[in-house]
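Asks: Kindly return the folded structure for what I paste below:
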Amino acid sequence: MAFDQPRRVDSPYVYHARQSFRLAGARLELRLAVENTGVIPLPFGLGFHPFFPRTPRTTLFAPAETWWTERDGHLPASRSAIADDVDFSTPRHLPDRWLNNGFEGWSGIARIIWPEHCLGIDIEADAELDRYMLFAPDTDRSFFCLEPMSHTPNALKHFDADPMGIKVLSPGEVLRARFAMTVFDWSDNHG
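Replies: So this is what the prediction gives:
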């Protein structure tokens, strides 16, 4: 799929975006790319936003170095050490509360297990996607989102002080990212 953002009077952004999907057996690979087709350097970022089923026994492994607390307006507040109940450096259940936080210093490797269904999914993302957003609402516990991203949410607001992963692309420059998920039979490893 492709999209071209034409030149507009109210925005300097002119770009060409592409997304592709490749399914091979139990592996789904997604690719995103954005090219600055404008005439001036501009900041860009990429991210994927998959939703996953959430069961009472779902576990997540997604080690990161720091996380962002949340402030009013569902925006990042401050970067700090990861709270114990959301330290996914070892597989653990999602806490029974609202989550809408960015995690940084991610290796691009994650694993989700649904023991009730004897299924798991291995996730791998390019080094360009070195952070993720974790969203788990407290009003609907049937799903959660693990969203690999190249930048921190709301990064453009703080861009002058800290680019927070945003990349400035010169005219003609391209930013690319890849994200893959492989489903596996968890019962093969755990009876």
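Asks: How much space separates the residue most central in space within the chain from residue 32?
Replies: For the chain, the residue nearest the mean C-alpha position is residue 148 (1.8 Å; CA atoms, centre = their mean). Distance of residue 148 to residue 32, computed by CB to CB, to the nearest Å: 10 Å. (Glycine included, C-beta is placed from N, CA and C.)
Asks: can you list residues touching both of these two?
Replies: Common contacts of residue 148 and residue 32 (CB atoms under 8 Å, 6 or more residues apart in numbering): 48, 177, 179.
Asks: Report the helix or strand with the lowest average pLDDT across this structure.
Replies: Lowest on mean pLDDT, DSSP states H and E among the helices and strands of the chain sits helix 187-190, with a mean of 66.
Asks: Determine the set of other helices and strands touching the strand with the most length in the chain.
Replies: Identified as the longest strand of the chain according to DSSP state E is strand 174-185. Here strand 174-185 touches strand 27-36, strand 119-125, going by 3 or more CB pairs under 8 Å, 6 or more residues apart in numbering; DSSP states H and E.
Asks: Within its sheet, name the partner strands of the last one and how each one runs.
Replies: Sheet pairing of strand 119-125 (DSSP bridges) gives strand 109-114 (antiparallel), strand 174-185 (antiparallel).
Asks: The longest one now?
Replies: In its sheet, strand 27-36 lies beside strand 15-24 (antiparallel), strand 174-185 (antiparallel), with partners assigned from DSSP bridges.
Asks: which regions of the chain lie under the pLDDT threshold?
Replies: By pLDDT under 70, the weakly predicted segments of the chain are 158-162, 188-191.
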